[in-house]
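*Asks:* Compute the structure for the input listed below.
(one chain, ligands or ions: 1)
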Amino acid sequence: MTRINGFIGRRNFFRLAGMGGFAITATALGGSLIWGKEAAIADVNSANTNPVNSNLALQYLLDGNQRFVHQRRLYPHQSLQHLQLVAKAQYPFAAILGCADSRVPAEIVFDQGLGDLFVVRVAGNVASDMAIGSLEYATAVLGTQLIVVLGHRRCGAVAEAIKNAPLPGRIGYVVESIKPALAKVKSTIGTGDRNDDAVIANIQYQAEKLQQNSMILAQLLHAGKLKIVGAYYDIDTGKVSAIA
Ligand SMILES: [Zn+2]
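*Replies:* Numbers count the residues shown, from 1 in each chain. Model prediction:
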């Protein structure tokens with residue numbers, strides 16, 4: 001059995017996935033791979049000859065963002081050759097849980113290319129079950145060691161949560177997932193801008209939800225095989241700032 005980032009290879013992952021959620025927990029993850037002392041978290045995917053640790057991954061992202069801000073983009077990993085290389089296998093060095101907002105495309109603002117980022121985008125960068133499942137795949141199966149929860153200035157989804165007005169269709173479903181973050185705004189943050197405060201609170205809240213609602217992510221964090229970092233994107237300047 002191939003182990004990737006302390007868990008199981010994708011072939012076994014999918015075989016076990018077919019057994020249902022409980023079976024995955026009890027057999028594949030709740031068994032020796034997580035709880036057994038003999039099964040210390042293994043090295044990242046041995047097939048990846050160049051694994052990128054979380055600190056370096058964050059540096060790559062911030063360096064790329066600096067290139068973007070200063071209009072010195074390198075447009076890396078966008079050649080036909082690189083396309084063909086990553087067609088064989090992907091080892092994205094970072095995963096992004098970002099907002100679906102059209103002004104925050106991860107590969108552009110971080111100046112990255114094909115196979116570099118595993119990007120999950122949903123309005124308000126909400127840590128939904130679908131988003132969590134995607135990020136579990138990126139980390140436990142593909143070996144990514146960094147998740148960045150990327151919120152942004154003047155996020156419409158956060159603004160709607162502040163307004164707290166009725167919304168049609170399923171828009172309210174997104175906004176309801178942000179509202180619990182607003183309770184934390186007053187006590188912890190003070191940028192002087194109500195929307196910015198709420199955006200930052202939401203980044204922190206969704207980052208906490210990732211580990212609270214995912215045994216896989218929590219275990220990887222505990223084992224030092226994963227970092228989850230919050231970051232704020234300023235749509236006026238293009239600059240990304242990590243949030244402590
Ligand atoms: Zn947004």
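*Asks:* Residues of this structure that sit close to the ion?
*Replies:* 99, 101, 155 (CB under 5 Å from the ion). The C-beta positions use only the backbone N, C-alpha and C, and glycine is treated the same way.
*Asks:* mind redoing it with 6 Å?
*Replies:* 99, 101, 124, 152, 155-157 (CB under 6 Å from the ion).
*Asks:* Count the neighbours of the residue nearest to residue 69 when sequence neighbours are not counted for me.
*Replies:* Excluding the flanking residues, the one nearest residue 69 by CB to CB, 6 or more residues apart in numbering is residue 238, at 4.8 Å. Residue 238 is flanked by 17 other residues according to other CB atoms under 10 Å.
*Asks:* who are the neighbours in contact with residue 238?
*Replies:* Shown in contact with residue 238 (CB atoms under 8 Å, 6 or more residues apart in numbering): 65, 68-69, 109.
*Asks:* out of those residues, which are inside helices?
*Replies:* Residues of the contacts of residue 238 located in helices (DSSP state H): 65, 68-69, 109.
*Asks:* wait, which of those residues is closest to the ion?
*Replies:* residue 109 (13.2 Å; CB to the ion).
*Asks:* right, and that closest one touches residue 233 too?
*Replies:* Yes. Counting by CB atoms under 8 Å, residue 109 touches residue 233, with 6.4 Å between them.
*Asks:* returning to what we had before: quick one, grab the pLDDT at the residue nearest to residue 69.
*Replies:* We have a pLDDT of 98 for residue 238.
*Asks:* How about residue 49?
*Replies:* pLDDT at residue 49 comes out at 78.
*Asks:* Make sure I have this right: the residue nearest to residue 69 is in a strand.
*Replies:* No. Assessed with DSSP: H, G, I helix; E, B strand; the rest coil, residue 238 is coil; it does not lie in a strand.
*Asks:* Can you give me the distance of it to residue 203?
*Replies:* Counting by CB to CB, to the nearest Å, the gap from residue 238 to residue 203 is 17 Å.
*Asks:* Likewise for residue 65?
*Replies:* 16 Å.
*Asks:* out of those two, which sits in the busier spot?
*Replies:* In this view residue 65 and residue 203 are compared by other CB under 10 Å, and residue 203 has more residues nearby, 28 against 20.
*Asks:* Okay, and the more buried one sits in which element?
*Replies:* Secondary structure from DSSP states H and E places residue 203 in helix 194-212.
*Asks:* So which bits of the helix or strand just after that helix are buried?
*Replies:* Toward the C-terminus, helix 194-212 is succeeded by helix 215-222 as the next helix or strand (DSSP H and E). For helix 215-222, the neighbour count (16 or more other CB atoms under 10 Å) marks 216-217, 219-221 as buried.
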